[in-house]
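1. Show me how the following folds:
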Amino acid sequence: MATHLRSVRATDIELQDRVVAINRVTKVTKGGRTFSFSAIVVVGDENGVVGHGLGKAKEVTTAITKGIDDAKKNLIRVPIINGTIPHEQRVSLGGARIMIKPAASGTGVIAGGAMRAVLESVGITDVLAKSLGSSNPHNVVKATFQALLELRDAREVAELRGITVSKVFNG
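-> Prediction:
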């Protein structure tokens, strides 16, 4: 599915932000060490809209603010059916390999670290997820977004094939 078809505007949406990771970076100069911070932030309305961003600054709060602003520019809409995802998805991006599966109602979000922040921000309440490769939060967040972007519900599949939704299930 093309990214531009699922992009969303940040206006008129109540977004909540979650800081995934904060990294302190050091630059050694002639005058000594210079510290700066980078923050990975995920924003979402917990109703199918989510975005991620990276902010860099000399102070933590400024880095988080920049990350939130960047995340609001990268919003996508994710299909959610009864609190879970429509189908299983596996994605490899950089060193990160992730797998997400739909789960029965009442299971909860079974995911760790960066993936949990993304899945909770999008509003998924029941899902089984596993990070199989690198635990680098940058790549895990990007891989999770790629997996969510590739999800398609029955209506989208029917439109692509030019058939009715009932024919998608009945053949």
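2. quick one: the strands in the chain?
-> Read by DSSP state E, the chain holds these strands, from start to end of the chain: 16-29, 32-44, 49-57, 76-77, 89-93, 96-102, 109-110, 127-131.
3. Mind putting those into CSV with mean pLDDT and mean neighbour count?
-> Yep, even glycine has a C-beta here, placed from its N, CA and C like the rest. Formatted as CSV, the entries for the strands of the chain read as follows, by pLDDT from 0 to 100; neighbours: other CB atoms under 10 Å:
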stretch, mean pLDDT, mean neighbour count
strand 16-29, 94, 13
strand 32-44, 95, 19
strand 49-57, 95, 22
strand 76-77, 90, 18
strand 89-93, 93, 17
strand 96-102, 93, 21
strand 109-110, 92, 17
strand 127-131, 93, 20
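4. now the ones you listed in TSV, with distance to Val141?
-> Rendered in TSV, the data for the strands of the chain read as follows (distance: least, CB to CB, whole Å):
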stretch	distance to Val141
strand 16-29	6
strand 32-44	6
strand 49-57	5
strand 76-77	13
strand 89-93	10
strand 96-102	9
strand 109-110	15
strand 127-131	11
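5. for these, which one sits closest to Arg161?
-> Shortest distance between Arg161 and the strands of the chain, using CB to CB, is found for strand 89-93: 19.3 Å.
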